[in-house]
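Student: Sequence and predicted structure, then a few things I'm wondering about:
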Amino acid sequence: MSTVINLENVALLGVVTLAGGYQLGSFAKRVGKRRYQVKLAYPAVTGNKDFELIYRAQQNCLEFYPVFMSAFWISGLFFHQVPTFLAGVGYLYAREKYFTGYTKSAEERLPGFRWSVRCLMALTAMGMFGLANILLKQYAGIDVCDQYLRQYIKF
């Protein structure tokens, strides 16, 4: 079975992907600016607490980005782009809060971290549900979504 992806069905995913890339670039720029402000010479990453906080914030965001993108695109392709878009925007907002909080103190990162993990969990759950539905439909002839809609939503 061949499936052609209609670009209209992934346009919102593209918006969040570009916004995420822009966000990572913004984080890198802020790290560079802080390095300049505290006069920390390259390649050192320790020696100034203010720099170390912002540097760790950036590194943590970079470490989570592949996890986010994987869950985000699987959810968008196999579940639905609108709830995926909303969870993706929520994730990026939470990561901004995380980054900003972390630049002040390690404890202030926690609210943003918690919300970003919740968004990742939602994306993962949507992706798993979408994949499971496709696999059950393909290999077992069971369409969970269609059966649910017919049984519980009477038009």
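Tutor: Perfect, thanks for sending it. Numbers count the residues shown, from 1 in each chain.

Student: center of the protein, which residue is that?
Tutor: Of all residues in the chain, the one closest to the mean position by CA atoms, centre = their mean is Phe68, 3.6 Å from it.

Student: Whichever strand or helix holds Phe64: how far from the chain's middle?
Tutor: Of the helices and strands defined by DSSP states H and E, Phe64 is found in helix 49-78. Here the centre of helix 49-78 is set off from its chain's centre by 7 Å, with CA atoms, centre = their mean, to the nearest Å.

Student: which other helices and strands contact that helix?
Tutor: The elements that helix 49-78 packs onto, with contact taken as 3 or more CB pairs under 8 Å, 6 or more residues apart in numbering; DSSP states H and E, are helix 11-38, helix 81-104, helix 110-140. In this view, the C-beta of every residue, glycine as well, is placed from N, C-alpha and C.

Student: Which elements pack onto the shortest one?
Tutor: Spelled out, that is helix 81-104. When contacts are defined as 3+ CB pairs under 8 Å, 6+ apart, helix 81-104 sits against helix 11-38, helix 49-78, helix 110-140.

Student: need the ones you listed in JSON lines with mean pLDDT and distance to Tyr93, can you?
Tutor: Formatted as JSON lines, the helices and strands packed on helix 81-104 follow (pLDDT from 0 to 100; distance: least, CB to CB, whole Å):
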{"stretch": "helix 11-38", "mean pLDDT": "97", "distance to Tyr93": "10"}
{"stretch": "helix 49-78", "mean pLDDT": "96", "distance to Tyr93": "13"}
{"stretch": "helix 110-140", "mean pLDDT": "95", "distance to Tyr93": "8"}
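
Student: Looking at these, spot the one closest to Lys104.
Tutor: The closest of the helices and strands packed on helix 81-104 to Lys104 is helix 49-78. By CB to CB, the value is 7.5 Å.
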